[in-house]
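S.K.: sequence below, structure please.
(one chain, ligands or ions: 1)
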Amino acid sequence: MTAMHWVLAILALVLLLAFAYLYTLTWIESRQARQLESKQPYASATVSASRSAVVYFSRSGNTALAARHVAKRLDAQLFSLEAPEYELGMAGLAHALKDANTRRSQPEVLPDITPRTIDLTPFDTVWLGSPVWLYSPAPPIWAFVEHNRFDGQDVVLFNTFNSHIGEDHIAQFKAKVMARGAKSFVHRGVLRGRMTQQLTPEQMLQAMDDEWFGEQAKP
Ligand SMILES: Cc1cc2nc3c(=O)[nH]c(=O)nc-3n(C[C@H](O)[C@H](O)[C@H](O)COP(=O)(O)O)c2cc1C
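M.R.: The predicted structure follows:
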């Protein structure tokens, strides 16, 4: 084989491995989403005495499960944000990576979300849930903050993530929420661990109970 043949063969192998990695990742995500869908069902009453709202975006079901758990604990009204361009599968994953990367240099470029606005005026506390993409809350939750106000409200950002969050992104998110009228801002995160050694859903909910609502959450 000539040197050129070797280069082409190595390039083909690298591409094949990258494709296999992304394919495996999307397969795991889809399986996870199916398994989590039925856990902790929560039907928020249309008219609730609760003064709390939980608004979340989730691609593969983990933040959705966390959101249902928070809503259940607080008897809150639950709102899901849809962003079809990030649906499960290779195309959605590629879109998610591309847009998360774009947002770093062009924060004004934000995805379409449904609903774009929610009447949050009945609530004192608003919980905003999102996965972490490229160390930052995912673009749909940034889009929600951009299109809504939080006048006089206590805002809690909560994230599910596998390994790392960038504190600089959380500081930017806080600045944005405060600029849109919030009275206070708190960040909560639940570290699930990398793909092969993640917390089970039950362990994740237990960690939330301990760290967000238990003794460890007290100032
Ligand atoms: C496009 C993409 C980028 C990600 N980037 C990070 C990251 O930078 N840090 C991290 O800890 N996890 C990262 N993750 C993992 C997710 O944050 C984690 O799996 C999360 O729990 C998924 O939430 P969901 O099931 O609600 O979508 C990423 C996932 C995706 C799909």
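
S.K.: tell me which element the residue lying closest to L65 once chain neighbours are set aside falls in.
M.R.: Spatial nearest neighbour of L65, excluding adjacent residues (Cβ to Cβ, 6 or more residues apart in numbering): L36 at 5.0 Å. No exception for glycine: its C-beta is placed from N, CA and C like everyone else's. Secondary structure from DSSP states H and E places L36 in helix 3-37.

S.K.: who are the packing partners of that helix?
M.R.: helix 62-74, helix 90-105 (3 or more Cβ pairs under 8 Å, 6 or more residues apart in numbering; DSSP states H and E).

S.K.: contacting residues around the longest one?
M.R.: What that stands for is helix 90-105. Contacts to helix 90-105, defined as Cβ atoms under 8 Å, 6 or more residues apart in numbering, come from residues 22-23, 25-26, 29, 59, 85-86, 109-111, 133-134, 136, 138-139, 142.

S.K.: chain center to the helix or strand following that helix: distance?
M.R.: Next in sequence after helix 90-105, counting helices and strands by DSSP H and E, comes strand 125-133. Relative to its chain's centre, strand 125-133 lies at 6 Å (Cα atoms, centre = their mean, to the nearest Å).

S.K.: same check, this time on stretch 62-71
M.R.: The answer for stretch 62-71 is 10 Å, by Cα atoms, centre = their mean.

S.K.: stretch 111-130 now?
M.R.: 14 Å.

S.K.: touching the ligand at all, it?
M.R.: No. Stretch 111-130 lies apart from the ligand when judged by Cβ under 6 Å from any ligand atom; the minimum separation is 7.6 Å.

S.K.: got the buried residues for that stretch?
M.R.: Judged by neighbour count (16 or more other Cβ atoms under 10 Å), stretch 111-130 contains these buried residues: 111, 113, 118, 120, 123, 125-130.

S.K.: and those, which two are the farthest apart?
M.R.: P111 and T125 (25.6 Å; Cβ to Cβ).

S.K.: who are the contact partners of L22?
M.R.: Neighbours of L22 in contact, by Cβ under 8 Å, 6+ apart: 90, 93-94.

S.K.: what's the ChimeraX line that selects buried ones from the residues you listed?
M.R.: Of those, the buried ones go into a single ChimeraX selection, burial set by 16+ other Cβ under 10 Å:
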select :93
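
S.K.: ok, the nearest residue to N148 once chain neighbours are set aside to A175 distance?
M.R.: Excluding its sequence neighbours, the residue lying closest to N148 (Cβ to Cβ, 6+ apart) is T117, at 5.6 Å. As judged by Cβ to Cβ, to the nearest Å, T117 and A175 stand 21 Å apart.

S.K.: how about the residues of this structure that lie near the ligand?
M.R.: So the chain meets the ligand at 58-64, 93, 96-97, 100, 131-135, 160-164, 192 (Cβ under 6 Å from any ligand atom).
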